[in-house]
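Undergrad: any chance you could fold what I've pasted below:
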Amino acid sequence: MELRDLVLLRELDERGSLTAVARALSVTPSAVSQRLRALERTLGLPLTEPVGRGVRLTEPGRLLATGAVEVAAVVASVEARLAAFQGGIAGRIDVAALPSAGVVLLPALLGRLGAEVEVRVHDHDVAEADYAALARDHDLVIGHRMSPEPRRDWQHLRVVDLLREPLDIALPAAHPLAAREAVTPADIAGERWIGVPEGYPFDDLRLAIEAAAGEPFRIVQRMRDNRLVEALVEAGFGMGILPRFSTRPSTGVRLLPLRGVATGRVISALARPEVAERAVVRHALEALRACAAEIAPAPRR
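TA: As a prediction, this is how the structure comes out:
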């Protein structure tokens, strides 16, 4: 039994189809099937079973898939110690980043890592539930969540909480409330609202504000990009939620803390456990922690 066979089972467990596994490993689906059959013959155990038009792992298959993570993590850890002994950490790392979190951290990260580490950045603005899936195809994922504790679907990943960023109510500078130091849900109830798609974390916060105020907003737009939200707020089309650290100072937009409803997001780095043990990824995580510490204290776990 080889590590590559265990990795194949792990990928099947997470990705759910032979076609997806073949795509991830850059082989053909028939090659995946052949390796699975050969491993089953070697072990004398069924590792997959049919379900619908596809297959899933049997109990022995899932056991080996879990073992793949453990073995790969040990191998990566040993390789990392060897790299440290040799006195240099270099390589390439693929980072998937939520744009509004990347604005805060990526410039400092790239500067801290230097030329020895090649960083390939991919921007992904996805729903909170989709960050775990991004870790299958990237070394590190920089995402966010609203809850103090990591999501249930992050439990199989290495989660490093980097910082807590306050979320403020963004108002046009000419709005009657803009001169205040803070607002409450009752102050902004029924206002025109520039929001995000349903299922996104900021929309959950909008629902909480409406519940506290007892009156819904008038939603005039839904969009993912915070810069677009900011532009429409500045133009006077409504108010919205913007993160404090990553919103550029503007004379046309006022950011006010919200009282009466807990706001804020936790920005985290996610990685598969075995990937997190790689020397270059360890190095990047340490650099991310250092960058975050310069912006705000790391949230307590």
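
Undergrad: need the strands for this protein, in chain order.
TA: 48-51, 54-57, 91-97, 117-123, 140-145, 158-165, 167-172, 192-195, 218-222, 240-243, 253-256, 265-271 (DSSP state E).

Undergrad: what are the pairing partners of the longest one, and which direction each?
TA: Think strand 158-165. strand 265-271 (antiparallel) (DSSP bridges).

Undergrad: likewise for the second one?
TA: Each strand paired with strand 54-57, and its direction, by DSSP bridges: strand 48-51 (antiparallel).

Undergrad: and the strand it pairs with, which residues are buried?
TA: residue 48 (16 or more other C-beta atoms under 10 Å). All C-beta atoms are positioned from the backbone trio N, CA, C, and that covers glycine.

Undergrad: kindly report the same for stretch 253-260.
TA: 253-256, 258.

Undergrad: one more: stretch 33-49?
TA: Quick answer for stretch 33-49 (16+ other C-beta under 10 Å): 35-36, 39-40, 47-48.

Undergrad: what pLDDT, on average, does that stretch get?
TA: For stretch 33-49, the mean pLDDT works out to 91.

Undergrad: how about the contacts made by residue 210?
TA: The contact partners of residue 210, taken as C-beta atoms under 8 Å, 6 or more residues apart in numbering, are 185, 189, 216-217.

Undergrad: and the residues you listed, which are buried?
TA: Among these, those buried by neighbour count (16+ other C-beta under 10 Å) are 185, 217.

Undergrad: in the chain, where is pLDDT below threshold?
TA: For the chain, the stretches with pLDDT under 70 are 88, 297-301.

Undergrad: okay, the strands of the chain in a markdown table with distance to residue 203 next?
TA: Below are the strands of the chain laid out as a markdown table (distance: least, C-beta to C-beta, whole Å):
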| stretch | distance to residue 203 |
| --- | --- |
| strand 48-51 | 34 |
| strand 54-57 | 33 |
| strand 91-97 | 20 |
| strand 117-123 | 20 |
| strand 140-145 | 13 |
| strand 158-165 | 17 |
| strand 167-172 | 12 |
| strand 192-195 | 6 |
| strand 218-222 | 8 |
| strand 240-243 | 9 |
| strand 253-256 | 19 |
| strand 265-271 | 13 |
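
Undergrad: one step back: quick check: the two most widely separated of the contacts of residue 210?
TA: Farthest apart among the contacts of residue 210 by C-beta to C-beta are 185 and 216. That separation is 11.2 Å.

Undergrad: just tell me which of the strands of the chain ends up closest to residue 9.
TA: Among the strands of the chain, strand 54-57 sits nearest to residue 9 (C-beta to C-beta), with 6.5 Å.

Undergrad: buried residues in the closest one, which are they?
TA: Within strand 54-57, the residues scored as buried using 16+ other C-beta under 10 Å are 55, 57.

Undergrad: how many neighbours does the nearest residue to residue 73 once chain neighbours are set aside have?
TA: Closest residue in space to residue 73, ignoring its immediate chain neighbours: residue 274 at 4.1 Å, by C-beta to C-beta, 6 or more residues apart in numbering. Neighbourhood size, residue 274 [other C-beta atoms under 10 Å]: 21.

Undergrad: ok, the one 5 residues further on next?
TA: Counted with other C-beta under 10 Å, residues neighbouring residue 279 total 20.

Undergrad: all further residue positions should be reported with the first residue as 49.
TA: With the count now opening at 49, the last piece we talked about shows up as residue 327.

Undergrad: for it, what are its contacts?
TA: Contacts for residue 327 (C-beta under 8 Å, 6+ apart) come out as 127-128, 131-132, 137, 139.

Undergrad: among the residues you listed, which two are most distant?
TA: 132 and 139, at 13.2 Å, using C-beta to C-beta across the contacts of residue 327.

Undergrad: higher neighbour count, the two?
TA: residue 139 (16 against 13).

Undergrad: is the more buried one in a bridge, and if so with what?
TA: On the basis of DSSP bridges, residue 139 is bridged to residue 165.

Undergrad: wait, it sits on residue 167?
TA: No: taking contacts as C-beta atoms under 8 Å, residue 139 lies outside contact range of residue 167: 10.1 Å.

Undergrad: how close does residue 174 get to residue 68?
TA: According to C-beta to C-beta, to the nearest Å, residue 174 stands 18 Å off from residue 68.

Undergrad: ditto for residue 178
TA: 15 Å.

Undergrad: so for the two, which sits in the more crowded spot?
TA: residue 68 (17 against 14).

Undergrad: perfect, that will be all.
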